[in-house]
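K.L.:
Got a predicted structure plus its sequence, pasted below:
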Amino acid sequence: MNDKPDLLFLLHDVARHLRLDADRRAACHGLTRAQWVILFWLSRQPGQSQKQLAELLEVEPITVARLIDRLEEHGLVERRDDPEDRRVWRLHLLPAARPVIEGLLREREQTLAQCTEGLDAATIAAVVTALCRIKHNVVASLRARERPADTREVA
């Protein structure tokens, strides 16, 4: 057996540990990781629809609807009518979400500091560049497989 770390296992394991840490950190604020992610997305892109959030989170729209229900109960998010399509709800943060998001951003900074401890700026930049390339390659491969066979280029 090779003692060298396997890149795919390592990527998976790091992501799993980050999710576990995010679960713990979000719970300290009375939230789930999924609610945390929704708050972050809405702080970055207000007015998302439930369907758009479901696509970003890779979950079913009903799952997002339930998460939004809970965030509404906590007074953090509100649904507003879409002016162009009455079937669509646009999601917006309420003022009470601001201190929650600030707390979550502090948690994020602590996580980043933990992850990069002992790494210099050049190493961090190289890791970011490499991960962006890996993501690009994976996404391109997935998209190529999603296209019907007759639209693929012939080699």
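P.N.:
Yep, it's here.

K.L.:
tell me the domain boundaries of this structure?
P.N.:
When the chain is parsed into structural domains using automatic domain parsing, the resulting residue ranges are 10-117, 120-149.

K.L.:
Now do residue 77 against residue 144, distance only.
P.N.:
Distance of residue 77 to residue 144, computed by C-beta to C-beta, to the nearest Å: 37 Å. The way it works is simple: take the backbone N, C-alpha and C, and place the C-beta from them, glycine included.

K.L.:
meant to ask about residue 41, not that
P.N.:
On the measure of C-beta to C-beta, residue 41 and residue 144 end up 27 Å apart.

K.L.:
Looking at the two, which one has more neighbours?
P.N.:
Set residue 41 next to residue 144 and count neighbours by other C-beta atoms under 10 Å: residue 41 wins out with 16 against 10.

K.L.:
so who does the more buried one touch?
P.N.:
Shown here is residue 41, whose contacts under the criterion C-beta atoms under 8 Å, 6 or more residues apart in numbering are 48, 53, 56.

K.L.:
and if you look at residue 58?
P.N.:
Residue 58 neighbours (C-beta under 8 Å, 6+ apart): none.

K.L.:
Tell me the spacing between it and residue 48.
P.N.:
14 Å.

K.L.:
quick revisit: looking at neighbours, which among the contacts of residue 41 is most surrounded?
P.N.:
Most surrounded of the contacts of residue 41: other C-beta under 10 Å gives residue 53, at 23 neighbours.

K.L.:
Hmm, residue 39 and that one touching each other?
P.N.:
No. Between residue 53 and residue 39 no contact is recorded; they are 10.9 Å apart, counting by C-beta atoms under 8 Å.

K.L.:
Quick check: mean pLDDT of stretch 137-152?
P.N.:
For stretch 137-152, mean pLDDT rounds to 79.

K.L.:
can you check stretch 30-44 too?
P.N.:
Mean predicted confidence for stretch 30-44 is 92.

K.L.:
Return the distance of that stretch from the chain's centre.
P.N.:
8 Å (C-alpha atoms, centre = their mean, to the nearest Å).
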